[in-house]
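1. What would the 3D arrangement of this be:
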Amino acid sequence: MTKFGEIISVNKPVLIDFYTDWSEFEPSLDTLRDVAAALGDKAKVIKIDIKKNEILAEALRVKGNPTFMIYKEGEMKWRQTGEQDANTLIGLVQQYV
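-> Predicted structure coming up:
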């Protein structure tokens, strides 16, 4: 939890993908690569495995897979459960750059 606090407290937006590997094919991985490439160093893009971080997922009430969140300076700015395309995520994160 302390490390999570450090991650989200930065001055640039942080896009977090809470996910669970339920199959070998992880469609959001390519999406996140595209988002990270488009945003460069203007934002952070992070994946967090729900099963490996159950306490954090419960604290944030993550129920769906995937659940995306955008934080800036420690404050949640946006949250959505369900698949999102790269262009949508890029546009959302750019609002907080």
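2. could you pull out the strands for this structure?
-> Applying DSSP state E to the chain gives strands spanning 14-19, 44-49, 67-72, 75-81.
3. show me what contacts Arg61?
-> With contact taken as C-beta atoms under 8 Å, 6 or more residues apart in numbering, Arg61 is in contact with no other residue. C-betas here are computed from N, CA, C, even on glycine.
4. Val93 now?
-> With C-beta under 8 Å, 6+ apart as the criterion, the residues that contact Val93 are Pro13, Leu15, Val35, Leu39, Ala43, Ile70.
5. report the longest helix in this structure, please.
-> Determined from DSSP state H, the single longest helix within the chain is helix 27-39.
6. one step back: which members of the contacts of Val93 come out as buried by neighbour count?
-> Neighbour counting by 16 or more other C-beta atoms under 10 Å classes Pro13, Leu15, Val35, Leu39, Ala43, Ile70 among the contacts of Val93 as buried.
7. Please report how far the residue nearest to the first one when sequence neighbours are not counted lies from Asn65.
-> Taking C-beta to C-beta, 6 or more residues apart in numbering as the measure, Pro13 lies nearest to Tyr96, with 4.0 Å between them; neighbours along the chain are not counted. As judged by C-beta to C-beta, to the nearest Å, Tyr96 and Asn65 stand 24 Å apart.
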